[in-house]
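In: sequence unknown, structure follows:
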């Protein structure tokens, strides 16, 4: 399977939200690599994954995320 790169604008803007989001991402995407850029005004989340990250994250209740194109 091919690794895809996903980029999201998120609501993760502090350490508490980061820790909650990290736990969710590790659970949903255990074999994927991801990182947040909290210095960016959009609190960017980048995910490198073979799984469809959009489908997995679209209904999560931990943090808001909008896929960027």
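Out: It's in. Every value quoted in this text rests on a predicted model; they were computed, and no experiment measured them. Numbering: from 1, shown residues only.

In: surely residue 31 touches residue 47?
Out: No: counting by Cβ atoms under 8 Å, residue 31 does not reach residue 47; the two are 11.3 Å apart. Where C-beta positions appear, they are placed from N, C-alpha and C, glycine not excepted.

In: which SS state does residue 5 fall under?
Out: Assigned state for residue 5: strand (three-state reduction, DSSP: H, G, I helix; E, B strand; the rest coil).

In: excluding sequence neighbours, find me the nearest residue to it.
Out: Nearest non-adjacent residue to residue 5, counting by Cβ to Cβ, 6 or more residues apart in numbering: residue 48, 5.5 Å away.

In: I figured the one you found hits residue 35, correct?
Out: No: Residue 48 is beyond contact range of residue 35, at 9.2 Å (criterion: Cβ under 8 Å).

In: quick one: the closest residue to residue 64 other than its chain neighbours and residue 53, what's the gap?
Out: Leaving aside its chain neighbours, residue 64 sits nearest to residue 11 (3.9 Å; criterion: Cβ to Cβ, 6+ apart). As judged by Cβ to Cβ, to the nearest Å, residue 11 and residue 53 stand 16 Å apart.

In: for the chain, which segments count as strands?
Out: Along the chain, counting by DSSP state E, strands occupy 4-10, 33-37, 44-49, 65-67.
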